[in-house]
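**Student:** model this:
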Amino acid sequence: MGWRAFDKLIPWLVAVVFAVATWDGYHLWRDSQLNRGLVKVEAGDAGIATHPYLAFARAYALQQNGEFESALEAYAAIDVRDGHRMRADIRYNLANLYLRRALQYRENDAHDLALPLIELAKENYREVLRRDSRDWSAKYNLELALRIAPETELEQVEEERNPEHNPRSAAGIQVRKPLP
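**Tutor:** Now for the predicted structure:
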């Protein structure tokens, strides 16, 4: 390969280097904007959380501060595309939020308030596991939620709610025969 062939490659090499530098520069600028936004989120500025990652950070900060209702609203307000990994992270954090609140209610002997929250937590953990069955954190937490509130057989629940569907009660009912 002579110098003339090398001279023809130089503009292409410069273009590739320029494209890579531009790409890296854009990502560096975007990451610096996110970092500035995170600083504002940590300072408590709720109005800047328009980017999904910043909104997620704000919701997580509210969750860590024990602000249950505010964290629920913040997670619900996050706008993510379908199939985005953040959707699973939101569900996982919501499940943790529900489970922690349910445990607080149980400690205060408010079992009637704890049970629906545990069911919500189990459903969110299951949804995370439907997307990624290898998520060990979700598996572990689902197992914990199942230990706290074990699943009941659907037949048992139906028998308790609707005794007319219980085969044992149907045996005691006298059926009238039509008149001839």
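
**Student:** my guess is Ile118 contacts Arg147, does it?
**Tutor:** No. At 10.2 Å, Ile118 and Arg147 do not qualify as touching, with contact defined as Cβ atoms under 8 Å. Backbone N, C-alpha and C define where each C-beta goes, glycine included.

**Student:** of the two, who's got more company?
**Tutor:** Ile118 (23 against 8; other Cβ atoms under 10 Å).

**Student:** who's in contact with that one?
**Tutor:** By Cβ atoms under 8 Å, 6 or more residues apart in numbering, the contact set of Ile118 is 98-99, 102, 145, 148-149.

**Student:** repeat that for 10 Å
**Tutor:** Contact analysis of Ile118 by Cβ atoms under 10 Å, 6 or more residues apart in numbering lists 95, 98-99, 101-103, 105-106, 111, 144-146, 148-149.

**Student:** what's the lowest-pLDDT member of these?
**Tutor:** Within those, the minimum per-residue pLDDT falls on His111 (85).

**Student:** which helix or which strand is home to the closest residue to that residue other than its chain neighbours?
**Tutor:** Excluding the flanking residues, the one nearest His111 by Cβ to Cβ, 6 or more residues apart in numbering is Tyr105, at 7.3 Å. Tyr105 is part of helix 85-107 when elements are defined by DSSP states H and E.

**Student:** all strands for this structure, in order.
**Tutor:** Counting by DSSP state E, the chain has no strands to list.

**Student:** got the domain ranges for it?
**Tutor:** For the chain, the structural domains run 1-68, 80-149, going by automatic domain parsing.

**Student:** how long is the longest one end to end?
**Tutor:** End-to-end distance of domain 80-149: 31 Å, with Cα to Cα, to the nearest Å as the criterion.

**Student:** could you list every helix and strand in contact with the helix holding Tyr105?
**Tutor:** helix 52-64, helix 68-77, helix 111-131, helix 136-148 (3 or more Cβ pairs under 10 Å, 6 or more residues apart in numbering; DSSP states H and E).

**Student:** most tightly surrounded among those?
**Tutor:** Ranked by mean neighbour count, the helices and strands packed on helix 85-107 are led by helix 52-64 with a mean of 19 (mean count of other Cβ atoms under 10 Å).
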